[in-house]
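>>> Structure for this input, please:
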Amino acid sequence: MGGCVSTSSKSTCSSGSNGEEATSSCLEIGFSSRKRSKRTFSAHVTTFQHLSSIPNRIFANGKSQTSCIFTQQGCKGINQDAMIVWEDFTAVDVILCGVFDGHGPHGHLVARKVRDALPLKLLSFLNSSQVKQAASGATCCNGNPTLDGGDAEDCSVEDKLSSIWREAFLKSYKAMDKELKSHSNLDCFCSGSTAVTVVKQGSNLFMGYIGDSRAIMGSKDINDSLVAIQLTVDLKPDLPREAERINRCKGRVFALQDEPEVPRVWLPFDDAPGLAMARAFGDFCLKEYGVISVPEFTHRTLTERDQFIVLASDGVWDVLSNEEVVEIVSSAPSRSSAARILVESAASEWKLKYPTSKMDDCAVVCLFLDGKMDSESYYKEQGFSSATIQNNHSAAIVKSDDGQNSEPSLQTNFTVTSCDENDSFRIPVEFVGNVEAVTVEDQNWLGLEGVTRVNSLVQLPRFSDERPNP
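From the prediction side, this is the model:
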């Protein structure tokens with residue numbers, strides 16, 4: 001790594017508009033609320049050999065108790081997007097959502113590796129924080145642990161909770177990038193992934209993100225009209241703080257003549273790779289030149305006016321505005337179909353707005369904040385019997401992770417509930433890279449070929465021992 005120091009250590013906190021003070025009881029991460037046993041819940045999870053053993057975790061096209069998710073392959077080869085919803089993440093009222101958009105020759109593997117490993121790292125750091133607090137005996141409010149043994153008088157409940165989550169996000173993102181760099185079977189030198197991760201704990205929303213995947217919220221204004229609120233910032237290279245850091249580290253930021261609206265990051269000695277974001281996991285060819293994996297962190301207090309949250313990759317945001325996304329999700333015939341309909345709408349817009357371009361992959365997570373989904377399954381609305389769903393369940397999920405939806409009987413319906421802990425299609429985390437590398441062996445990544453609107457990379461660098469003298 002180079003000597004670049006992130007300037008993003010300060011968190012940007014925004015609270016709800018109601019101005020209410022924090023409740024008198026401390027809000028806990030969730031581990032301490034469980035019954036004590038020889039092994040805590042988090043310690044058990046982080047040692048799982050098979051992710052399929054984790055309940056309430058979905059990562060393929062489907063729905064859960066509070067959300068629906070959907071992804072569709074674009075026209076650049078294998079689907080490089082990944083997504084996850086994990087309910088009861090640290091406690092019964094905690095939900096984690098994430099979207100990860102890979103790029104480069106091995107971007108699909110990077111995105112899926114991050115999808116599987118990053119939540120576990122969050123769990124590990126949160127549990128470590130709880131253990132340290134218990135050992136220090138520090139308390140705040142009603143005897144619950146504080147952060148770093150701070151004074152109880154200075155303790156603000158939500159501020160303490162925000163600090164704990166912020167530290168967990170920063171440490172887990174750092175550990176994730178370190179693991180990718182040392183991974184022996186995954187080449188991340190010119191491949192990487194974005195990440196937008198959102199944790200809902202009660203009325204608190206915690207967000208950590210890098211790259212240009214985005215999260216927005218649909219909320220009602222004073223007239224009870226739905227409005228779009230952007231929760232994250234697309235971390236593009238031309239943002240002043242990002243450009244300053246990259247230039248300070250000898251990287252270059254400029255746009256190509258035929259796409260002046262797309263700023264990119266370039267090596268100092270080669271017009272490559274032209275990365276269209278300032279922060280990402282992987283992309284180690286640029287880590288010495290200003291590209292970082294340090295996440296932006298924000299905390300927001302939810303109100304009763306907030307209706308739903310949408311996380312999506314840039315394949316959606318390239319063709320749909322925040323307002324259009326809120327309108328599409330809110331007008332979906334059923335909540336369980338909202339993510340699918342949004343992706344289909346984005347695909348239609350690609351054909352209309354950019355008929356000569358290759359459509360990008362799209363991935364969407366819709367989280368409904370009231371915790372309710374449809375009273376009847378979307379399958380019944382479409383006339384599917386439970387037997388048909390059961391017979392096609394496993395095969396459909398395996399294909400949908402790659403965006404390959406070839407089951408004729410399920411092409412009009414992909415709201416498959418995939419959180420059953422006995423599902424047999426999931427792959428152990430330590431085997432994900434190897435298995436997927438075999439299954440996509442005959443597929444070519446076409447992200448640098450043909451006519452595309454916006455590629456995350458322009459070309460791979462041509463490294464040699466001969467470089468221009470400084």
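
>>> Count the residues that sit near the closest residue to residue 192 other than its chain neighbours.
With CB to CB, 6 or more residues apart in numbering as the measure, residue 282 is the residue that lies nearest to residue 192, at 3.1 Å, once sequence neighbours are left out. For every residue, glycine as well, the C-beta is placed using N, CA and C. Other residues lying near residue 282 total 32 when counted by other CB atoms under 10 Å.

>>> Over to residue 222?
The local packing count at residue 222 equals 7, with neighbours defined by other CB under 10 Å.

>>> where are the low-confidence patches of the chain?
1-50, 52, 131, 133-155, 375-454, 458-460, 462-470 (pLDDT under 70).

>>> Name the single longest strand found in it.
Among the elements of type strand in the chain, defined by DSSP state E, the one spanning the most residues is strand 94-103.

>>> Now do the buried residues in whichever helix or strand comes after that strand.
Sequence-wise, the next helix or strand beyond strand 94-103 is helix 107-136, with elements assigned using DSSP states H and E. By neighbour count, and taking 16 or more other CB atoms under 10 Å as the criterion, the buried residues in helix 107-136 are 107-127, 129-130, 133.

>>> Please list all residues in contact with the residue nearest to residue 192.
Residues near residue 282 by CB atoms under 8 Å, 6 or more residues apart in numbering: 104, 110, 177, 180, 188, 189, 191, 192, 193.

>>> how much space between it and residue 314?
Between residue 282 and residue 314 the distance, using CB to CB, to the nearest Å, works out to 17 Å.

>>> can you check residue 245 too?
When CB to CB is applied, the distance between residue 245 and residue 314 equals 21 Å.

>>> Distance check, the residue nearest to residue 192 against residue 173.
In this structure, residue 282 lies at 12 Å from residue 173, with CB to CB as the measure.

>>> Name whatever forms a beta bridge with the closest residue to residue 369 other than its chain neighbours.
Beyond its immediate neighbours in the sequence, the residue positioned closest to residue 369 (CB to CB, 6+ apart) is residue 306, lying 5.4 Å away. Note on residue 306: beta-bridge partners by DSSP bridges are residue 219.

>>> So what's the residue count around residue 53?
Considering only other CB under 10 Å, residue 53 is surrounded by 14 other residues.

>>> what does residue 270 give?
Residue 270: 17 neighbours (other CB under 10 Å).

>>> Please apply the same query to residue 74.
Other residues near residue 74 number 24, with proximity taken as other CB under 10 Å.

>>> what's it in contact with, if anything?
With contacts defined as CB under 8 Å, 6+ apart, the neighbours of residue 74 are 315, 358, 359, 360, 361, 362, 403.

>>> doesn't residue 250 make contact with residue 268?
Yes: counting by CB atoms under 8 Å, residue 250 is a contact partner of residue 268 at 4.7 Å.

>>> overlap in contacts of these two?
Looking at what touches both residue 268 and residue 250 (by CB under 8 Å, 6+ apart), the common residues are residue 289.

>>> host element of residue 309?
The secondary structure element spanning residue 309 is strand 306-312 (assigned by DSSP H and E).

>>> And that strand, what's buried?
When burial is assessed from 16+ other CB under 10 Å, strand 306-312 yields the following buried residues: 306, 307, 308, 309, 310, 311, 312.

>>> Touching, the second one and residue 371? I think so.
What it means is residue 307. No: under the contact definition of CB under 8 Å, residue 307 does not touch residue 371, with a separation of 11.8 Å.

>>> Closest to residue 258 out of the buried residues of strand 306-312?
Using CB to CB, residue 312 comes nearest to residue 258 of the buried residues of strand 306-312, at 26.1 Å.

>>> Spit out the contact partners of the closest one.
For residue 312, the contacting residues are 99, 213, 214, 325, 342, 362, 363, 364, 365, taking CB under 8 Å, 6+ apart as the criterion.

>>> The second one - how many residues pack around it?
In this case it means residue 213. 29.

>>> my read: it touches residue 315, true?
No: counting by CB under 8 Å, residue 213 sits too far from residue 315 to count as a contact (9.6 Å).

>>> now residue 157: how far from residue 206?
Computed with CB to CB, the distance linking residue 157 and residue 206 is 14 Å.

>>> Please say which of these two ends up with more neighbours.
A side-by-side neighbour count of residue 157 and residue 206, using other CB under 10 Å, places residue 206 first with 23 against 20.

>>> one step back: let me have the contacts of residue 74 in TSV, extended by secondary structure, neighbour count and distance to residue 294.
Conversion of those to TSV gives the following (DSSP: H, G, I helix; E, B strand; the rest coil; neighbours: other CB atoms under 10 Å; distance: CB to CB, whole Å):
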residue	secondary structure	neighbour count	distance to residue 294
315	helix	30	25
358	strand	18	31
359	coil	21	31
360	coil	29	25
361	coil	29	25
362	strand	31	27
403	coil	21	30
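
>>> Tabulate those residues in JSON lines, adding columns for distance to residue 165.
Shown next, in JSON lines, are those (distance: CB to CB, whole Å):
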{"residue": "315", "distance to residue 165": "28"}
{"residue": "358", "distance to residue 165": "38"}
{"residue": "359", "distance to residue 165": "35"}
{"residue": "360", "distance to residue 165": "31"}
{"residue": "361", "distance to residue 165": "29"}
{"residue": "362", "distance to residue 165": "28"}
{"residue": "403", "distance to residue 165": "32"}
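
>>> what's near enough to touch residue 96?
So, once contact is read as CB under 8 Å, 6+ apart, residue 96 ends up touching 84, 85, 86, 89, 119, 122, 197, 198, 199.

>>> Just give the nearest non-adjacent residue to residue 197, would you?
Ranked by CB to CB, 6+ apart and with sequence neighbours excluded, the top spatial neighbour of residue 197 is residue 98, at 4.3 Å.

>>> Neighbours of that neighbour, how many?
A count of neighbours around residue 98, defined by other CB under 10 Å, yields 28.

>>> Thought residue 281 was touching residue 209, still the case?
No: under the criterion of CB under 8 Å, residue 209 makes no contact with residue 281, lying 11.4 Å away.

>>> Now the common contact residues for these two.
Here residue 209 and residue 281 share the contacting residues 194, 195, scored by CB under 8 Å, 6+ apart.

>>> hmm, back to that, so which of the contacts of residue 96 sit within helices?
The subset of the contacts of residue 96 located in helices under the criterion DSSP state H comprises 119, 122.

>>> for the contacts of residue 96, which one is nearest residue 163?
residue 199 (14.0 Å).

>>> For the residue nearest to residue 369, give me its contacts.
Taking CB under 8 Å, 6+ apart, we find residue 306 in contact with 217, 218, 219, 369.

>>> one more time with 6 Å
When contacts are counted by CB atoms under 6 Å, 6 or more residues apart in numbering, residue 306 is found next to 217, 219, 369.

>>> give the contact list for the second one.
In this case it means residue 219. Contacts for residue 219 (CB under 6 Å, 6+ apart) come out as 227, 229, 305, 306.

>>> what does the strand or helix carrying the first one contact?
I take that to be residue 227. Taking DSSP H and E as the definition, residue 227 sits inside strand 226-230. Contacts of strand 226-230 from elsewhere in the structure, counted by CB under 6 Å, 6+ apart, are 216, 217, 218, 219, 221, 322, 323, 326, 330.

>>> let's go with 10 Å and repeat that
14, 214-221, 300, 305-310, 317, 321-327, 329-331 (CB atoms under 10 Å, 6 or more residues apart in numbering).
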